[in-house]
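Student: here is a sequence with its predicted model. Questions after.
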Amino acid sequence: MNNYIIKVENLGKQYRILHNQGEHYTALRDVVARKAAASFRWIVEQSTKRKMQSAKSPVALGDSKFKNGAGRSALSSALGAPPGGEDFWALRNVSFEVKQGEVMGIIGRNGAGKSTLLKILTRITEPTEGRARIRGRVASLLEVDTGFHLELTGRENIFVNGAILGMTRAEIAKKFDEIVAFAEIEKFLDTPVKRYSSGMYVRLAFAVAAHLEPDILLVDEVLAVGDAEFQKKCLGKMSEVAEGGRTVVFVSHNMNAIEELCGRVLLLEHGKLVCESRRVGEIVRRYLFGSGTDGASAVWVNSDNSFQNSWFFPERMYLCDASGRPIAAVQRKVDHIFVQIDGVVKKANSSLCVGIAVFAENGSLLFWSYHNDQREQWWPQMGVGKRSIRVALPAKLLNEGTYRIELIASLHFQQWLCKPEANAPSIQLHIQGGLSESPFWRAKRPGWLGPTLEWHEV
Ligand SMILES: Nc1ncnc2c1ncn2[C@@H]1O[C@H](COP(=O)(O)OP(=O)(O)O)[C@@H](O)[C@H]1O
Ligand SMILES: [Mg+2]
């Protein structure tokens, strides 16, 4: 017998992007928040008929990264939509099953379709094609929808959500103290949740979703909010929920959390399911570094003319030596490694910042560096025209391991041109060997960084 609890078949979601909207986009979160009254629903096996989103009730993109025309057309060309882009598939041909008790992670870059998938599973959005069947009670914590009634207090919301999940008052009361303690909102229990800070709100939403014993817990990016302590608590709670035999589907950019928690992971790219596996570490590395780890990854070339904007057009980024000669992706720790960025400054702008963001193997950001980090007289010239800038990575700093280097560019505090961890292009660097001349440092040490620092007698 097939004992799936979630079965997704050939799921697709098409959205329409409107023209001539200027800057007046409706935030996605507004639209969904209006539509969704509650995130707790009884969901019986239900198939969803084909339903195209009508042109009369379009929803515009809310992501700020697409607020300029350039970003939008880059998006539509990436998704194969007609130039100027109207319809595009946020999700297409996605099929998978989840069995009871599984903890499944969903990973992918921003815009890959992860939230769209979870919104279809919670019935906040209907698919354009295909279907999602769910057996059991779903509790969800989505980035846009916590299922709370803003006018009601924290206390009232706990009871309302429990009731929607089919729990009796006594059952909810039994869980009540645990929820309140977990969310750390004792003092604000009788305050309407609209007065809560976003941190409190999410803490309560997570506590409610995780404690009210749903069959399936869907969680979208909860770890993006809240402090490290709370994130740890959430992870702990999710494993507890899973150990209790319940099913958890978990979207996160935190690859540590994904590896720690999930027994299986799906990787989405541009709305497509590119792989699915129980070998979680392998998929995480594929997501972070692409499928190959050889030569080509030390160079990025903007072959499809992405990142069109009025200021800076990035053409190439690559690893090189001190004179700009390209080098391989694999380097020793003691080698001098440089990163060069070639591009065209189209319009001079004193706010233009071009640089790199360096990430560790698990996706943790190690640092950013911009061309204008030093005092002004030392900045490279960034006047109109073709420009090449080069930076030396700090010597003997990075540990043995694999790093992702993103090309990031912005108009300082105004606009991203290449946004880190969103659409920024990247290359890879593998540090292997050459750790130190010391006989005491022959093997890789723990820690993301492995600086060889100078010690002196004083
Ligand atoms: N209501 C909507 N209208 C138009 N486009 C949308 C809407 N919701 C999401 N999108 C677009 O669909 C794509 C997938 O979005 P989403 O599922 O939120 O991605 P993720 O959660 O992986 O970052 C993105 O390009 C996003 O901008
Ligand atoms: Mg999302």
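Tutor: Alright, I've got the coordinates. Ligands and ions are numbered 1, 2, ... in the order given.
Student: show me where the chain has helices.
Tutor: 28-35, 69-78, 114-121, 154-164, 169-183, 198-211, 228-243, 255-261, 280-289 (DSSP state H).
Student: adding mean pLDDT, write the ones you listed out as JSON lines.
Tutor: JSON lines is the format used below for the helices of the chain (pLDDT from 0 to 100):
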{"stretch": "helix 28-35", "mean pLDDT": "36"}
{"stretch": "helix 69-78", "mean pLDDT": "38"}
{"stretch": "helix 114-121", "mean pLDDT": "94"}
{"stretch": "helix 154-164", "mean pLDDT": "90"}
{"stretch": "helix 169-183", "mean pLDDT": "92"}
{"stretch": "helix 198-211", "mean pLDDT": "86"}
{"stretch": "helix 228-243", "mean pLDDT": "84"}
{"stretch": "helix 255-261", "mean pLDDT": "80"}
{"stretch": "helix 280-289", "mean pLDDT": "78"}
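Student: just send these back as TSV, with mean neighbour count and distance to ligand 1 too.
Tutor: To be clear about C-beta, it is placed using only N, CA and C from the backbone, and glycine gets the same treatment. Shown next, in TSV, are these (neighbours: other Cβ atoms under 10 Å; distance: least, Cβ to the nearest ligand atom, whole Å):
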stretch	mean neighbour count	distance to ligand 1
helix 28-35	15	5
helix 69-78	19	6
helix 114-121	25	3
helix 154-164	20	23
helix 169-183	16	24
helix 198-211	23	16
helix 228-243	16	18
helix 255-261	20	14
helix 280-289	19	12
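Student: to V330, which of those helices lies closest?
Tutor: helix 280-289 (12.6 Å; Cβ to Cβ).
Student: just list what the closest one packs against, helices and strands only.
Tutor: strand 103-107, helix 255-261, strand 264-269, strand 272-277, strand 401-411 (3 or more Cβ pairs under 8 Å, 6 or more residues apart in numbering; DSSP states H and E).
Student: circling back: okay, the helices of the chain in CSV with distance to ligand 2 next?
Tutor: Listed next are the helices of the chain as CSV, based on distance: least, Cβ to the ion, whole Å:
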stretch, distance to ligand 2
helix 28-35, 9
helix 69-78, 15
helix 114-121, 3
helix 154-164, 22
helix 169-183, 23
helix 198-211, 14
helix 228-243, 17
helix 255-261, 14
helix 280-289, 15
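Student: so which of those comes closest to L11?
Tutor: L11 sits nearest to helix 114-121 of all the helices of the chain, at 6.4 Å, using Cβ to Cβ.
Student: and S388, bridged to which residues?
Tutor: D342 (DSSP bridges).
Student: among the helices of the chain, which is nearest G343?
Tutor: Across the helices of the chain, closest to G343 is helix 69-78 (Cβ to Cβ), at 14.8 Å.
Student: which residues in the stretch 301-450 of the chain form strands?
Tutor: Secondary structure of the stretch 301-450 of the chain (DSSP state E, counting those that start in this stretch): strands at 312-320, 330-331, 338-345, 352-359, 365-370, 385-392, 401-411, 415-418, 426-431.
Student: each with direction, which strands does the longest one pair with?
Tutor: Looking back up the chat, that one is strand 401-411. Assessed with DSSP bridges, strand 401-411 is paired to strand 352-359 (antiparallel), strand 415-418 (antiparallel), strand 426-431 (antiparallel).
Student: what's the closest of those to N305?
Tutor: strand 415-418 (13.6 Å).
Student: got the buried residues for that closest one?
Tutor: By neighbour count on 16 or more other Cβ atoms under 10 Å, the buried set for strand 415-418 is Q415, W416, L417, C418.
Student: near ligand 2, which of these show up?
Tutor: Among the buried residues of strand 415-418, no residue is within reach of ligand 2 (Cβ under 5 Å from the ion).
Student: reformat these as TSV; add distance to M255.
Tutor: Shown next, in TSV, are the buried residues of strand 415-418 (distance: Cβ to Cβ, whole Å):
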residue	distance to M255
Q415	28
W416	22
L417	26
C418	21
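Student: pick out whichever of those sits closest to ligand 2.
Tutor: Proximity of those to ligand 2 (Cβ to the ion) peaks at W416, which lies at 17.0 Å.
Student: out of the strands paired with strand 401-411, nearest to T191?
Tutor: Proximity of the strands paired with strand 401-411 to T191 was assessed by Cβ to Cβ; the nearest stretch is strand 415-418, lying at 35.8 Å.
Student: send the alpha carbons of the closest one over as PDB?
Tutor: Below are the C-alpha coordinates for strand 415-418, written out as PDB (Å, rounded to 0.1, in the frame of the first residue of the first chain):
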ATOM      1  CA  GLN A 415      19.300  49.500  -4.900                       C
ATOM      2  CA  TRP A 416      20.900  46.100  -5.500                       C
ATOM      3  CA  LEU A 417      22.300  45.500  -9.000                       C
ATOM      4  CA  CYS A 418      23.600  42.000  -8.100                       C
END
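Student: so for that strand, mean pLDDT?
Tutor: The predicted model gives strand 415-418 an average pLDDT of 95.
Student: can you check stretch 394-408 too?
Tutor: 93.
Student: right, so of the strands paired with strand 401-411, which gets closest to Y201?
Tutor: strand 415-418 (26.4 Å).
Student: re the thing from before, will you turn the strands of the stretch 301-450 of the chain into JSON lines that also has distance to E221?
Tutor: JSON lines is the format used below for the strands of the stretch 301-450 of the chain (distance: least, Cβ to Cβ, whole Å):
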{"stretch": "strand 312-320", "distance to E221": "28"}
{"stretch": "strand 330-331", "distance to E221": "33"}
{"stretch": "strand 338-345", "distance to E221": "30"}
{"stretch": "strand 352-359", "distance to E221": "18"}
{"stretch": "strand 365-370", "distance to E221": "16"}
{"stretch": "strand 385-392", "distance to E221": "31"}
{"stretch": "strand 401-411", "distance to E221": "20"}
{"stretch": "strand 415-418", "distance to E221": "19"}
{"stretch": "strand 426-431", "distance to E221": "21"}
